[in-house]
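Engineer: Turn this into a model:
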Amino acid sequence: MKNILLFIFLFFTQSVFAQYYENTVSKDSILLSRNSLRVIILSPGISYEKRISRNITLSSDFLVTGFYRKSTLTVNSQSAHIFALYPFLTLGPRFYYNLTKRINSNKSVKANSGNYFSFKITYLGPSFLESRSSNTIISGSIPKANKLGANIVWGLQRTYKRNLYLNLNTGLAISSQYKDGYGVVGNLQLGYSLFSNYN
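Structural biologist: Residues are numbered from 1 along each chain as shown. From the prediction side, this is the model:
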C-alpha cells in the first residue's frame, strides 16, 4: 500500500512539474538576460550584451588586438621586430535560436548560453602603442588602421560554473584589410561574466 501511495505521489508531482515546466518554456517565455557584462581575458577587453527582444540581443565589444612581425634577417646577431596594439570595436545584433531546446534538454541558458547568428560592424582603430627594435630591417611598416568592416557569423556562447565565459564564432568578414575585400574570420573569447540580470 505504501508503495502504491508513493507511486501516485511521485506521478502526481512529476505531472505537476512537467506542466509547470512546459508553461515556463512556452513560446512566450523570455530566456535571455536583460543585461550581461563580461571581462575578456583572451583578446583582452570588455563585452556588453543587452536584450532587445525575446530572441535578439545587441552585443558590443571593446577589445585590444595586436600585430607582431619578426625578420629572419639579423644585424649584429640580433633579430629585428615590430609590435603594435590597436583598439578593436564591434557592434551588432545576435539572434539566439536554441534556448528553448537547451532548457528542454536540461542544459543551462545562464547569461545567454546558447547558439546564435550575428551581423556586426567592426572598427579597427589607430595603434596606441608601438615598438620596434633599433636595428629594424623589416621591409614595410606597422599596418595602418582606421578600418571599418562587417562580419556575418555563427557562434556559440557558454557561461560555466564560477561565471567562466566562452564565446566562439566563425563566418565571413568584409573589410579593406583583406586583399580581396573579404575573408574568413574566426574568434575565440575566454573570460569572466561579471553580472547578468533578467529584471
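Engineer: in the sheet, who's paired with the residue positioned nearest the centre of the chain?
Structural biologist: Among the residues of the chain, the one closest to the centroid is Asn167, at 3.9 Å (Cα atoms, centre = their mean). Per DSSP bridges, the residues bridged to Asn167 are Gln157, Gln189.
Engineer: What segments of this protein are helices?
Structural biologist: 2-24, 99-104 (DSSP state H).
Engineer: mean pLDDT for these: which is lowest?
Structural biologist: Comparing mean pLDDT across the helices of the chain, the weakest is helix 2-24, with a mean of 41.
Engineer: just for this protein, where's the confidence low?
Structural biologist: 1-29, 71-80, 133-143 (pLDDT under 70).
Engineer: Could you rerun that using 50?
Structural biologist: 1-24, 139 (pLDDT under 50).
Engineer: can you map out the strands along it?
Structural biologist: Applying DSSP state E to the chain gives strands spanning 35-40, 45-51, 56-75, 78-96, 114-124, 129-132, 147-159, 164-175, 182-197.
Engineer: what would these look like in JSON lines with distance to Ser108?
Structural biologist: Quick note: C-beta positions are derived from backbone N, CA and C, even for glycine. As requested, the strands of the chain are exported to JSON lines (distance: least, Cβ to Cβ, whole Å):
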{"stretch": "strand 35-40", "distance to Ser108": "14"}
{"stretch": "strand 45-51", "distance to Ser108": "16"}
{"stretch": "strand 56-75", "distance to Ser108": "17"}
{"stretch": "strand 78-96", "distance to Ser108": "14"}
{"stretch": "strand 114-124", "distance to Ser108": "10"}
{"stretch": "strand 129-132", "distance to Ser108": "38"}
{"stretch": "strand 147-159", "distance to Ser108": "8"}
{"stretch": "strand 164-175", "distance to Ser108": "12"}
{"stretch": "strand 182-197", "distance to Ser108": "12"}
